[in-house]
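> Build the 3D model from these lines:
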Amino acid sequence: MNSAHAINKKHYKKALNFYTALIEKIMTSHITSKKIVLVCPRYGSTLAMIEVLSRYFDLRGIILKNSTKKNDNTLQFLRSANYPVLDISKTDMVTLSPSTIEILVQAIGPGSSCVVLDHGGYFSLNRQALSILKPNLISGIAEYAINGESRYFNASTGDRPFISVGRSTIKKNSDLASANSIMLIAELYLQNQGIMLFGSDVRVGVIGHGTLGGRIRSLLQERGVKDFLVHDIEPNRLGDIPLKNIAHSAPH
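Predicted structure coming up:
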């Protein structure tokens, strides 16, 4: 895959080597002959993962997440390279209309079932999804985000195997590094606009108090920021936040 337009060549090669080594470590003929459907962000950095998966598995479909829709280059490139991008949105997964079901059935094809590599619990957004998409179509789910894990816990996967890697050490370290990067970039950007992020007259808002949001809030407090607001649609995530620092709604 020539993805120079989407990601630095050096970084892309490093990512290719990482994913290749990871798969070859656990590779067996049974595993690599398996059909997979992948849900993933619409980032250029996702391309290396897609390329390696397509080498070792029977990649039957790619669902690009709506939350990263602004990066249209990824979609255009995948389609130009004949990767099986499915015209399915998050809303489509929620409603799970007959046309959406048909797209999935056609993508998976007859003969054997597939494993879903999910990101954000897309196949649990509709509680009936895995009752409709029976084990002869989807035989198992691997979820690699913590919010997706919680969604699957609130939905039934039937008797299918389900694994989650969202709480693995590697993923945790990656999330913490991302939070640190967000803070650094935000501070530099605001400084360029003449605003000091950690100034006494600045109020900071954090939307979402999961792995990233929680770490960002912690970093703010470590830097002495007291005037901050945190919002999350799941109130149980805010148990250790003082009431004065909880926002009960988020700006649109």
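> contacts, neighbours, all on C-alpha from now
Will do.
> Give the burial count for residue 228, as a bare number.
Applying other Cα atoms under 10 Å, we find 17 residues neighbouring residue 228.
> need the contact list for it.
The contact partners of residue 228, by Cα atoms under 8 Å, 6 or more residues apart in numbering, come to 203, 204, 205, 206, 245.
> OK, contacts around the third one?
In this case it means residue 205. Contacts of residue 205 (Cα under 8 Å, 6+ apart): 228, 229, 230, 231.
> run the last query once more with 10 Å
217, 227, 228, 229, 230, 231, 245, 246, 247, 250, 251 (Cα atoms under 10 Å, 6 or more residues apart in numbering).
> Return the members of the residues you listed classed as buried.
The neighbour count (16 or more other Cα atoms under 10 Å) marks 217, 227, 228, 229, 230, 231, 246, 247 as buried among these.
> Please narrow the residues you listed to those residing in strands.
Mapping the buried ones among the contacts of residue 205 onto strands (DSSP state E) picks out 228, 229, 230, 231.
> what's the spacing between the one helix or strand residue 221 maps to and its chain's center?
For residue 221, the host element (DSSP states H and E) is helix 211-222. Centroid displacement of helix 211-222 relative to its chain, using Cα atoms, centre = their mean, to the nearest Å, is 20 Å.
> among the helices and strands of this structure, which has the poorest mean pLDDT?
Every helix and strand of the chain was ranked by mean pLDDT, DSSP states H and E. The lowest is helix 29-32, at a mean of 58.
> next structured bit after that one?
Where DSSP H and E defines the elements, the next helix or strand beyond helix 29-32 is strand 35-40.
> so for that following strand, what's the average pLDDT?
For strand 35-40, mean pLDDT is 96.
> Which other helices and strands does the helix or strand just after that strand contact?
Using DSSP H and E, the helix or strand that follows strand 35-40 in sequence is helix 47-56. Packed against helix 47-56, as judged by 3 or more Cα pairs under 10 Å, 6 or more residues apart in numbering; DSSP states H and E, are the following elements: helix 9-26, helix 29-32, strand 35-40, strand 58-64, helix 72-80.
> what packs against the last one?
It refers to helix 72-80. On a contact count with 3+ Cα pairs under 10 Å, 6+ apart, helix 72-80 meets helix 47-56, strand 58-64.
> Pull the residues that contact stretch 21-38.
So stretch 21-38 is contacted by 15-16, 19, 50, 52-64, 84-86, 104, 107-109, 112-119, 137-142 (Cα under 10 Å, 6+ apart).
> Now, of those, which are buried?
Buried by 16+ other Cα under 10 Å: 15-16, 19, 50, 52-53, 56-64, 84-86, 104, 107-108, 113-119, 137-142, out of these.
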